[in-house]
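In: What follows is a predicted structure for the sequence shown.
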Amino acid sequence: MTTPQGWYPDPNDSTIIRWWDGQQWTSHTHPRSHEPSSPAVQSPPDATTGETKRSKPKLFGRGQALDDAHAEIDQLRAELNRLEVMDVVELQSERDHLQVEVESLREAAAAARADGERQARDIYAQLAVLRQSVVETEEAAILQEVGVYRYRHPLDDSVAYRAELARIQDQIKAMVKQDGGAITASTTWQVNGSVAQGRKMVNDISKLMLRAYNAEADNLVRGMKPYKLDTAKERLDKVATTIAKLGASMSIAVSVPYHRVRLRELELTADYLEKVAEEKEHEREERERLREERKVEQEIERERQRLRKEEQHFRQAIAQLLAKGDADGVARLQVQLEGVIGEIEAVDFRARTLTAGHVYVISNIGSFGEGVLKIGMTRRLEPMDRVRELGDASVPFIFDVHALYFSENAVKIEREMHQRFADRRVNRVNNRKEFFKVTPAEARDSLTELSGELMTFVEEPEALEYRQGLVGATDTPSFV
């Protein structure tokens, strides 16, 4: 059965058909399973008269043809409208489909962005770890240079380390000779169905792997620096891991006990090298101390001989004046003799007392800038000799002296001065460096408080060579 003319599928509900009056959709509907008849009312009420239009009477001839033409026009218009409505529905469906795709793409983009951010965070975290590793390595190198090092296996001296290293190397040789002691491998591997050939092949490859491992370990030992120990251990760990991966099919791997022994060898080597460097530094300091002591002793001995000669000269002169009966001359020379004897006693006291000496406060603004002082102590009878030695070829300018204070306990005063300005040290790692970021006034007040005496103190350093150099640089003419 065909659908009667004027009834068309509802564009919003496919289960019903709706009446089209030629101009618009009406409210008349009917299920699609039944064939409806034309509704009694075909058009809405007239807006002006309010009366319902009646159906036109059936015509014949030209009138019938005209009616048929109008009906066909109405039908075509209805079909066109239906198609337009269907296009809108299809467009709506396509739009919904595209909207779903857009949402899907947005979700995928958000997931990709989240994954990228996660990967970026992981990379930044790894970078931070690597940077920290670099910083720790640099700090270890700096600390090692100034004698700060953490021993993995503390021993008394380098001789003990050499003995322990020799024992470790003997253990390494024994493990290499032992079957399965240095490297483990499969014993069931077959070649062409032959276990013997398979065992030979596994042994050959195992030897090759072990040779590569030992070569890397030996290179790390030869090139060891104490501050590179952690890096060397990580590198040897990676070599062992790589061998295990490459030899996985034959179960070839460096044995855990052997790898542990070689890591201990690296640690002992680093400790040994650091202990040797430490002993050399102590020897250098001891040589410096002995050299300074010899200079002090030689200076004291020269001064003692000079004073003894003066004492002998005065005694001879006094004897001659006594022979002449010159009482006034004798009294005058006797006073001078007592002064010389007092100096001799002072020199003997300096020789016996190791804590006696001069505390000095010096600066070198041309080399270290303003506000940096060196506070130290010397046992020299002539302390300026020590100051001049400090201003040798190692610095471009000589030191300026702010204070030279003699004390029978100069060592204690020097130590207390260092403690007071401990947080102002230029080098906070190596306490043997006696430079402090302290003003001359602060050093003067502290030294006065510790000595309990007023003393001569120079506030403004002369820095003669440095200032002359500045003036010379300003006055130097420029040539075009």
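Out: Nice, I can see it. Numbering: from 1, shown residues only.

In: Wasn't residue 404 part of a strand?
Out: Yes. Membership of residue 404 in a strand is supported by DSSP: H, G, I helix; E, B strand; the rest coil.

In: Run a quick neighbour tally on it.
Out: 18 (other Cβ atoms under 10 Å). Placement of C-beta: from N, CA and C, glycine included.

In: Would you quantify the distance from it to residue 378?
Out: 9 Å (Cβ to Cβ, to the nearest Å).

In: Give me the common contacts of the two.
Out: Here residue 404 and residue 378 have 358, 360 as joint contacts, going by Cβ atoms under 8 Å, 6 or more residues apart in numbering.

In: Can you show me the helices along the stretch 1-150 of the chain?
Out: Here the stretch 1-150 of the chain has its helices, by DSSP state H, counting those that start in this stretch, at 62-145.

In: mind giving me the domain ranges of this protein?
Out: 1-38, 58-145, 158-285, 355-470 (automatic domain parsing).

In: tell me the mean pLDDT for the last one?
Out: Averaging pLDDT along domain 355-470 yields 88.

In: Next: the shortest one.
Out: Domain 1-38 carries an average pLDDT of 72.

In: If we go by neighbour counts, what in it is buried?
Out: The neighbour-count check on domain 1-38 (16 or more other Cβ atoms under 10 Å) flags 6-10, 17-21, 25-26, 28-30, 32, 36 as buried.

In: Would you convert the domains of the chain into CSV that also reports distance to residue 332?
Out: Converted to CSV, these look like this (distance: least, Cβ to Cβ, whole Å):
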stretch, distance to residue 332
domain 1-38, 141
domain 58-145, 62
domain 158-285, 50
domain 355-470, 27
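
In: Might you list the low-confidence residue ranges for the stretch 101-250 of the chain?
Out: Applying pLDDT under 70 to the stretch 101-250 of the chain picks out residues 133-150.

In: Do a quick rundown of the strands in it.
Out: 183-184 (DSSP state E, counting those that start in this stretch).

In: Likewise for the stretch 301-450 of the chain?
Out: Remark: strands assigned in the stretch 301-450 of the chain by DSSP E, counting those that start in this stretch are 357-363, 373-378, 400-407, 435-436.

In: Pull out the buried positions in the longest one.
Out: Residues 400, 401, 402, 403, 404, 405, 407 are the ones in strand 400-407 that count as buried (16+ other Cβ under 10 Å).

In: Nearest to residue 302 among the domains of the chain would be which one?
Out: Proximity to residue 302 (Cβ to Cβ) singles out domain 355-470 among the domains of the chain, at 8.6 Å.

In: Now do the contacts for residue 179.
Out: So residue 179 contacts nothing (Cβ under 8 Å, 6+ apart).

In: mind pulling up the phi and psi values for it?
Out: Backbone dihedrals for residue 179, given as degrees, to the nearest 10, come out at phi -70, psi 120.

In: do the one 3 residues further on as well
Out: Comment: the main-chain dihedrals of residue 182 come out as phi -100, psi -30, following degrees, to the nearest 10.

In: Could you double-check that it sits in contact with residue 259?
Out: No. Checked against Cβ atoms under 8 Å, the pair residue 182 and residue 259 is beyond contact range at 9.0 Å.

In: Give the residue from these two that has the larger number of neighbours.
Out: Set residue 182 next to residue 259 and count neighbours by other Cβ under 10 Å: residue 182 wins out with 25 against 20.

In: What's the separation between that one and residue 257?
Out: Taking Cβ to Cβ, one finds residue 182 at 9 Å from residue 257.

In: what do the two both touch?
Out: Contacts common to residue 182 and residue 257, judged by Cβ under 8 Å, 6+ apart, are residue 175.

In: Since that was my last question, I'll sign off now.
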